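J.: kindly return the folded structure for what I paste below:
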Amino acid sequence: MKKFVFLSALLLSLPTMGQTDNPAITQWLQNTTQTGYYYMQGNSTAISNNTLVNCQEVSYSADWAYIKTHGIPAYPTGPFLDGNPSIASDQNAIYKIPLNPTQNTGTPTATTPGNIGVFINGVSLFDYRDDAAWNTNTNSLCGGPGNPPCFGTKYWNRDAVVAEHNGFDCSKGHPAMGNYHHHQNPSAFKLDLSVISNICNLYDADALYVINPEEHSPLIGFAYDGFPIYGAYGYKNADGSGGIVRIKSGYEVRNISERTHYADGSDVPDGPLVSDTYPLGYFREDYEFVEHQEQDDYLDEHNGRFCVTPEYPDGMYCYFATVDENYHSAYPYVIGPNFYGNVVGGKVNAIGEAVSVYTETISSITNISNDLSIHITPSLASDIIAIQVGPLVKDDLQIHLFSVEGKLLQSGKIVAGQTISYLDTQTLYSGVYFVVISNNHFSQTEKIILQKN
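T.: Residues are numbered from 1 along each chain as shown. Prediction:
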C-alpha cells in the first residue's frame, strides 16, 4: 500500500466599486488551455473530458459582469457512489452578475432548485435541496432522483447535503443531468478535521480551496443577487477586528421527535417521525433560526452579514460557506433559505449590450508566497509526495523535485482552481531532496527527507 506525505500549503449603505477594481470582475479564475478530467467508479486512472476548466472570458459593462464558462472545475470530478449515471459535462454557460448589488427591502426572494449562483471557477452553486420532498398523502418521498413526481405543496423538503452524502465526490460536488455543482463548502472531505467520507482515500483530495483557520477564507463565488460568497473563516467582528474565526450559521436543528409543526408553530401535514432513516436535518424544516445578537461571527437568516473583507475593505454584505467545528457543512450551507438582495442576475443566452473584455494583469494576481503554508506530515516521506497548497490557487504553479546535487528528478503542476499535485518517489533512494514551488512571481523551496523501508 502506498504511503502519502502532504505539503499543506447592521445595515449600511453598500459601497459602489469602480469597474476594473470590482471583485465581481477581477476575481474569476480564467483559463483557455487546461482541460478537465474525471474518475469513474472502480477506475483510479483519470479520464480527460476534453473540456476547458474554470472561466474562459470575463466582460463587463457599467452595471454587469458577464462570465463565460463550461462549468467544469480544474479539480477532478467523480466518482459518484450513489449510482448517479451522470458525469460533469459542458454547460456552455454565460452568467450575468450585477456589479452593484442592492438589498431587497421587500419580501425576501426564496432560493430555488437549481442554480442560485456561481463559484469563481465557473461551477454552479445550488441551494440545500435536491427537489425531493415528503408526500404527506402516500407517506413516502416524491420528486428528486428515483422518486415519483411531487404534486401540490411540499411541506417537508429534503436536504441534499444529508440525504445524498454518498453521492458527493471528494470535492463535495456532483452533477445533475451533467450540471456539476456544489450545495456546500467546496473543500475536500479528506481535509475535514473529522472525516465522514472515505471517497478521497480512492481519489485525489482536491477541491476549490483549502480551509485555513489562521487566515480569512478566500472569495469563492457570487450569488445571483450579486453579493459575494466567502469560505468558512473571516474576521470575528464585522469591522475587521477580533482576529480570524469560523463564521457560524445562525440555524440550529430543532429539538423534535415528530414532524407535525414548523419552527414558527404552524400546524402542517405530518412528515415522517425522526428516525435513523429520516434523522434530524434530513429535511430543511428540521432547522430553526436562532438570533445571536451582538455576536458578529454568527450570520443572519440569509447566511450572510455586512462586514469588512480583504476584497471589500469598506465593507460589503457577504455570504459565507458555513461549516461546523469539524469542517462539516452546516445548514444553510451557502445561501438561504432566502436571498438577501434583489435577484437580478443569472444565466443568459447571450450578452445583449456593449461590453469590455477584462484581461488579468500581474498586479491583479495574488502573490501566494505570503499565504503559502507548507507542512510535511509525517516528516519522512516514502512512495508519494502530495503537495497541497492553500487556501486558493489563482495562478498556475510549477512543482519541481530536485536531488541534493541540484538534478531535476520530477515535475508537476497545480492549475489555478486546484490545490494538490503528486510526485511519485517509488524509484528514488532514501535521502534529502528539495521541492520547488514557483510561478512567474515567486519561488519557494522546501526540504523533504525520503526514508525507504
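J.: helix, strand or coil for the spatially closest residue to residue 402 that is not a sequence neighbour?
T.: Closest residue to residue 402 apart from its sequence neighbours, by CB to CB, 6 or more residues apart in numbering: residue 434 at 4.6 Å. Any C-beta I mention is one placed from the backbone N, CA and C, and that applies to glycine too. Here residue 434 is strand, with the state taken from DSSP: H, G, I helix; E, B strand; the rest coil.
J.: from the chain's centroid, how far away is stretch 63-81?
T.: Its chain's C-alpha centre and that of stretch 63-81 lie 11 Å apart, by CA atoms, centre = their mean, to the nearest Å.
J.: buried stuff in that stretch?
T.: 64-81 (16 or more other CB atoms under 10 Å).
J.: what about the longest strand in this structure?
T.: strand 43-52 (DSSP state E).
J.: buried by neighbour count: which residues of that strand qualify?
T.: 46, 49, 51-52.
J.: tabulate those (TSV), appending distance to residue 343.
T.: Listed next are those as TSV, based on distance: CB to CB, whole Å:
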residue	distance to residue 343
46	37
49	31
51	28
52	28
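J.: residues contacting the nearest residue to residue 310 once chain neighbours are set aside?
T.: Spatial nearest neighbour of residue 310, excluding adjacent residues (CB to CB, 6+ apart): residue 216 at 5.7 Å. Counting by CB atoms under 8 Å, 6 or more residues apart in numbering, residue 216 touches 230, 233-235, 244, 309-310.
J.: out of those residues, who has the most neighbours?
T.: residue 234 (27 neighbours; other CB atoms under 10 Å).
J.: any idea which element it lies in?
T.: strand 233-235 (DSSP states H and E).
J.: and what of residue 195?
T.: Using DSSP H and E, residue 195 falls outside every helix and strand.
J.: look up the pLDDT of it for me, please.
T.: pLDDT, residue 195: 95.
J.: doesn't residue 188 make contact with it?
T.: No: taking CB atoms under 8 Å as the definition, residue 195 is not a contact partner of residue 188, at 9.7 Å.
J.: and those two? Which one has more around it.
T.: When neighbours are counted by other CB under 10 Å, residue 195 and residue 188 differ, and residue 188 comes out ahead with 28 against 17.
J.: list phi and psi for the more buried one.
T.: phi -70, psi 140 (degrees, to the nearest 10).
J.: how about the contacts made by it?
T.: 170-172, 200, 205-207, 210, 419.
J.: before we move on, what about residue 51?
T.: Taking CB under 8 Å, 6+ apart, one finds 35-36, 70, 72, 89-90 in contact with residue 51.
J.: go on, residue 360?
T.: Per CB under 8 Å, 6+ apart, neighbours of residue 360: 26, 30.
J.: same question for residue 262.
T.: Applying CB under 8 Å, 6+ apart to residue 262 gives the contacts 268, 285.
J.: quick one: it and residue 142, what's the gap?
T.: Look at residue 262 and residue 142: by CB to CB, to the nearest Å, they are 19 Å apart.
J.: same check on residue 286?
T.: For residue 286 relative to residue 142 (CB to CB), the value is 18 Å.
J.: and if you look at residue 200?
T.: For residue 200 relative to residue 142 (CB to CB), the value is 33 Å.
J.: equivalent analysis for residue 49, please.
T.: Counting by CB to CB, the gap from residue 49 to residue 142 is 33 Å.
J.: neighbour count winner among residue 286 and residue 142?
T.: residue 286 (24 against 20).
J.: what values do phi and psi take at the more buried one?
T.: The phi/psi pair for residue 286 (degrees, to the nearest 10) is phi -80, psi -10.
J.: quick check: which ranges of this protein have low pLDDT?
T.: Across the chain, the ranges flagged by pLDDT under 70 are 1-19, 361-382, 453.
J.: show me where it has helices.
T.: Secondary structure of the chain by DSSP state H: the helices cover 23-26, 160-163.
J.: out of the ones you listed, flag the one nearest residue 447.
T.: With CB to CB as the criterion, residue 447 lies closest to helix 23-26 of the helices of the chain, at 35.6 Å.
J.: buried set for that closest one?
T.: For helix 23-26, by 16+ other CB under 10 Å, it's 23-26.
J.: which residues does the residue most central in space within the chain contact?
T.: In the chain, the centroid-proximal residue (CA atoms, centre = their mean) is residue 186; its distance is 2.5 Å. The contact partners of residue 186, taken as CB under 8 Å, 6+ apart, are 119, 123, 171-173, 207-209, 220, 321.
J.: look at the closest residue to residue 196 other than its chain neighbours and say how many residues are nearby.
T.: Distances taken as CB to CB, 6+ apart place residue 328 nearest to residue 196, at 6.3 Å, with adjacent residues excluded. If you count neighbours by other CB under 10 Å, residue 328 ends up with 17.
J.: before we move on, what about the one 10 residues further on?
T.: Number of residues near residue 338 (other CB under 10 Å) recorded here: 17.
J.: go on, residue 34?
T.: For residue 34, using other CB under 10 Å, the count is 16.
J.: same question, residue 352
T.: With other CB under 10 Å as criterion, residue 352 counts 11.
J.: distance of it from residue 96?
T.: 9 Å.
J.: got it, and residue 332?
T.: When residue 332 is compared with residue 96 (using CB to CB), they lie 24 Å apart.
J.: for this protein, identify the residue most remote from the centre.
T.: The chain, CA atoms, centre = their mean, max distance from centroid: residue 405 (40.8 Å).
J.: which residues does residue 340 contact?
T.: Counted by CB under 8 Å, 6+ apart, residue 340 has contacts 103-104, 108, 225, 227, 300, 302, 304, 317, 319.
J.: any of those buried? List them.
T.: For those, buried by 16+ other CB under 10 Å: 103-104, 225, 227, 302, 304, 317, 319.
J.: all set, thanks.
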